[in-house]
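>>> A predicted structure for the sequence below; I have some questions about it.
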Amino acid sequence: MTPDEIRKSFLDEMTRQGSVAIPSASVVPENDPSTLFVGSGMQPMVPYLLGLDHPMGKDLVNVQPCIRTGDIEEVGDLTHLTFFEMIGRWELGADPEIYKAEQIRRIMDWQVNVLGLDPKRLSVTIHCGNPELGIDYDNASLKVWQEFFASHGIDAPVEEEPFKYGASRGGRIFVYDDSENWWSRAGVPSKMPVSEPGGPDSEMFFDHDPDGDPMAHPADGGARFVEIGNNVFMSHKRTEDGFVLFDRPNIDYGGGLERILSAATGEVDVYKSPFFIGPMQYLEEQSGKSYEGNEKAFRIILDHTRATVFLLASGVYPSNKDAGYVVRRLIRRAARVGKTLGFEGAFLSNLAQVFVQESETYTFVQDAREQVLNALEQEETLFLKTLRNGEREIRRFMKTGDVTGRIAFQFYETYGFPLELTKELLEEEGMSILEPEGFDIASKEHSVASKSASTAKFSGGLGDKSETTVSFHTATHLLLAGLREVLGDHVHQRGSNITPERIRFDVSHPQKITADELSEVVEFVNKAIAAGAEVKSYEMDKTEAREAGIEGSFWDKYPERVTIYEMKDADGTVYSRELCGGPHVENTGNLSHYGTFKVLKEESSSSGVRRIKAVIA
């Protein structure tokens, strides 16, 4: 079955039994600023579950695209997906005498009789009740499940203590307390406010390893038992006098379509389900690599491309904030991982076409086809250019020292190179970020410094006056002296911005500064730092200073009496003599506390002006 045939299969079976198929909602929630994306099939239905009349009736089904960004870092294993599809059924104002039996019968008829799921591999959970709050044991669900298993000739022992015995006693129906098998927006019953609805749920799990760990059980979060659906029976309301039953309860059923199909085929790897077969075959053909042996890379690319297709089709385009940042992050991660499979150019838009072709059920994806493919190709192409520059510089840096959190932030600020990709690049080399908290610290300092810089007057380009920033300011004097030494006396400062994270320095120079020239400049600066030159200041008349050849920029901004900063070692070697308003460190050797001077990037700032970004680390 193709993905579209599977979606149609569910909807057809449910409508045959009396449900009404409703359109899916956008993955971007409407009128809900509390969340970026729809993360469950239930989310768009909450108003109706709380009492609002649905215009299409009381027995409703759909297939809902969902995005869960908390799973992005988990993608690459057997089961986690950023984008997934939830099948759902909701009965609003159900008959309390038959609603549990009817719901379980319907969903199991489809899973077993249509999809071919093996009922012998199924385990389920029910709620044990809470006598202190007047909530009864869920005997109704227990009876329904016992009858279901009996109809298939399956023994179904009830395990009342799953955390103690796991599946070791042959349990088929596992009983859990409020923490595992109760649903309300507030969580467990004791936390529900007055008038809040809630109820017990009964989950369905597929046993992917019947001969596996006997102590495993559905709530342990392990790989043996994988949840494929949950029936929430919204039967209770909290009142001032305790919990009471609704006369007409609601049903909220949701199941992960990819996981259900994996269970039906007996394959624990969701990426081997029909939703990924076509795209995987295309990726294998284009890369010349097999899924086996490259599972993590394939999974990341497949998941992220699929998620991106639906996000772009929903009108979420790459940006640096909110939902747009998630799209950008997905595209960039997939693009970089693609390089490990041998892709040198943009390839994601071609892969995306396969997902689009297999998503005819979603008309909004088909309608946005051209916009999706164009936006994806444009973003990937732009990032690959950034990636080449950033990755080259990071690898060069890795040869000279460890990458700290602060350094990672500098590459993010300079090249737009995401922290996540820096981590993955290091992991490929068996390395990791040292002092990772430095990234957040540097990010916050950068934010503060940026705000300070926007209001600061002329102060040598300093965003603040922290010890680090003052040290970096001293380094710019050595940098300018080194540039003049290597390139010539035509080089003068044209601007600077100094923060605790990095140095940004603009100088006059008519052409690109070569790598060899930069290497000589870096050597000059580090030699001056190692020399431990004393930093002293003295005053001169501005005219006298200019005639003496003292280096200076922005002469007209200074008063008639100016301050000169000189950096001279014990042997009398002068490394820098420059007009400046300060402040500076007392000795160039103090700069070595931060590490060695390194240039991160050299580029054009404007006509005849080159920009250098550097750091001491």
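Noted; the coordinates are in hand.
>>> Where does the prediction get shaky in the stretch 401-550 of the chain?
Scanning the stretch 401-550 of the chain for pLDDT under 70 picks out 416, 446-464.
>>> Where do the helices of it begin and end?
Taking DSSP state H, counting those that start in this stretch, the helices of the stretch 401-550 of the chain run over residues 405-415, 419-428, 437-455, 467-487, 515-531, 542-547.
>>> Mind listing what's buried along the fifth one?
To tie it back to what came earlier, the one meant is helix 515-531. Buried residues in helix 515-531, counted by 16 or more other C-beta atoms under 10 Å: E517, L518, E520, V521, V522, F524, V525, N526, K527, A528, I529, A531. Any C-beta I mention is one placed from the backbone N, CA and C, and that applies to glycine too.
>>> In the stretch 151-300 of the chain, where is pLDDT below threshold?
For the stretch 151-300 of the chain, no range has pLDDT under 70.
>>> For stretch 402-422, what is the distance to the chain centroid?
Offset of stretch 402-422 from its chain centre (C-alpha atoms, centre = their mean, to the nearest Å): 16 Å.
>>> cool, and stretch 264-283?
23 Å.
>>> Could you do stretch 79-93 as well?
With C-alpha atoms, centre = their mean, you get 21 Å for stretch 79-93.
>>> End to end on that stretch, go ahead and measure it.
Stretch 79-93 has an end-to-end distance of 34 Å (C-alpha to C-alpha, to the nearest Å).
>>> Rounded mean pLDDT for that stretch, please.
Mean pLDDT, stretch 79-93: 92.
>>> quick one: buried residues of it?
Buried residues in stretch 79-93 (16+ other C-beta under 10 Å): 79-92.
>>> Export the buried residues of helix 515-531 as CSV, with columns for distance to M56.
Listed next are the buried residues of helix 515-531 as CSV, based on distance: C-beta to C-beta, whole Å:
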residue, distance to M56
E517, 71
L518, 67
E520, 74
V521, 70
V522, 69
F524, 75
V525, 71
N526, 72
K527, 77
A528, 76
I529, 73
A531, 80
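>>> Sort out which one of those lies nearest S273 for me.
Among the buried residues of helix 515-531, L518 lies closest to S273 (C-beta to C-beta), at 51.6 Å.
>>> you'd agree that closest one is up against V599?
Yes. The criterion here is C-beta atoms under 8 Å, and L518 meets it with V599 at 5.3 Å.
>>> any idea how far the lengthiest helix in the chain is from the chain center?
In the chain, taking DSSP state H as the definition, the longest helix is helix 369-398. Chain-centre distance of helix 369-398: 17 Å, with C-alpha atoms, centre = their mean.
>>> how many degrees apart are that helix and helix 419-428 in direction?
Helix 369-398 runs at 50 degrees relative to helix 419-428, counting by axes from the mean of the first three to the mean of the last three C-alpha atoms, to 10 degrees.
>>> could you give me the average pLDDT of helix 369-398?
86.
>>> Check which helices and strands it is in contact with.
If contacts are counted by 3 or more C-beta pairs under 8 Å, 6 or more residues apart in numbering; DSSP states H and E, helix 369-398 sits against helix 295-313, helix 322-340, helix 348-357, helix 405-415, helix 419-428, strand 597-606.
>>> By neighbour count, which bits of it are buried? Give me those.
369, 372-373, 375-377, 379-380, 382-384, 387, 389-391, 393-394, 397.
>>> Then stretch 302-316?
302-314, 316.
>>> between the residues you listed, which is nearest V486?
H304 (44.4 Å).
>>> quick one, what contacts that closest one?
V75, T82, L330, I331, R333, A334 (C-beta atoms under 8 Å, 6 or more residues apart in numbering).
>>> domains of the chain?
For the chain, automatic domain parsing gives the domain ranges 3-266, 274-380, 400-455, 457-616.
>>> what's across from the nearest residue to S184 once chain neighbours are set aside in the sheet?
What sits nearest to S184 in space, not counting adjacent residues and going by C-beta to C-beta, 6 or more residues apart in numbering, is G198, at 3.0 Å. G198 has these beta-bridge partners by DSSP bridges: H236.
>>> and G198, how many neighbours?
The number of residues packed near G198 is 25, by other C-beta atoms under 10 Å.
>>> From V124, how far off is it?
Separation of G198 from V124 (C-beta to C-beta, to the nearest Å): 20 Å.
>>> quick one on the thing from earlier: what's the closest of the contacts of H304 to M215?
Nearest member of the contacts of H304 to M215, counting by C-beta to C-beta, is V75, at 28.1 Å.
>>> List the contacts of that closest one.
L81, T82, R299, I300, D303, H304.
>>> List just the nearest of these to G401.
I300 (28.8 Å).
>>> residues touching the closest one, list them.
V75, G76, R333, A334, V337.
>>> Just give the nearest non-adjacent residue to the third one, would you?
Ranked by C-beta to C-beta, 6+ apart and with sequence neighbours excluded, the top spatial neighbour of R333 is H304, at 5.9 Å.
>>> quick one: Q64 from G88, how far?
For Q64, the distance to G88 equals 6 Å [C-beta to C-beta].
>>> What sits closest to the residue nearest the centre of the chain if chain neighbours are left out?
By C-alpha atoms, centre = their mean, the chain has its centre lying nearest to I72, at 4.9 Å. Closest residue to I72 apart from its sequence neighbours, by C-beta to C-beta, 6+ apart: T82 at 5.5 Å.
>>> same check, this time on P418
With C-beta to C-beta, 6+ apart as the criterion, P418 has its nearest non-adjacent residue at 6.1 Å, and that residue is R332.
>>> contacting residues around the one you found?
By C-beta under 8 Å, 6+ apart, the contact list for R332 reads E379, F383, L387, P418, L421.
>>> repeat for D269
Residues near D269 by C-beta under 8 Å, 6+ apart: L78, T79, S262, E295.
>>> from those, which two are the most distant?
S262 and E295 (14.6 Å).
>>> When these two are compared, which one has more neighbours?
S262 (25 against 15).
>>> Confirm that that one sits in a helix.
Yes. Judged by DSSP: H, G, I helix; E, B strand; the rest coil, S262 forms part of a helix.
>>> For G401, see how far away it is.
45 Å.
>>> Next up, the contacts around R7.
Per C-beta under 8 Å, 6+ apart, neighbours of R7: V63, E85, L257, T361.
>>> one more time with 7 Å
V63, T361 (C-beta atoms under 7 Å, 6 or more residues apart in numbering).
>>> which SS class is it?
helix.
>>> got it, and V61?
Using three-state DSSP, the structure places V61 in strand.
>>> looking at it, it is touching S9, isn't it?
No. Assessed by C-beta atoms under 7 Å, V61 is found out of contact with S9, at 12.0 Å.
>>> For those two, indicate the residue with more neighbours.
Per other C-beta under 10 Å, whichever of V61 and S9 has more neighbours is V61, with 23 against 15.
>>> which residues touch that one?
Counted by C-beta under 7 Å, 6+ apart, V61 has contacts L11, M14, S19, A21, G88, R89.
>>> Now, those that are in strands?
Among the contacts of V61, the ones falling in strands (DSSP state E) are A21, G88, R89.
>>> Need these in a markdown table (columns: distance to S168).
Compiled in a markdown table, the ones in strands among the contacts of V61 are given as follows (distance: C-beta to C-beta, whole Å):
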| residue | distance to S168 |
| --- | --- |
| A21 | 43 |
| G88 | 34 |
| R89 | 34 |
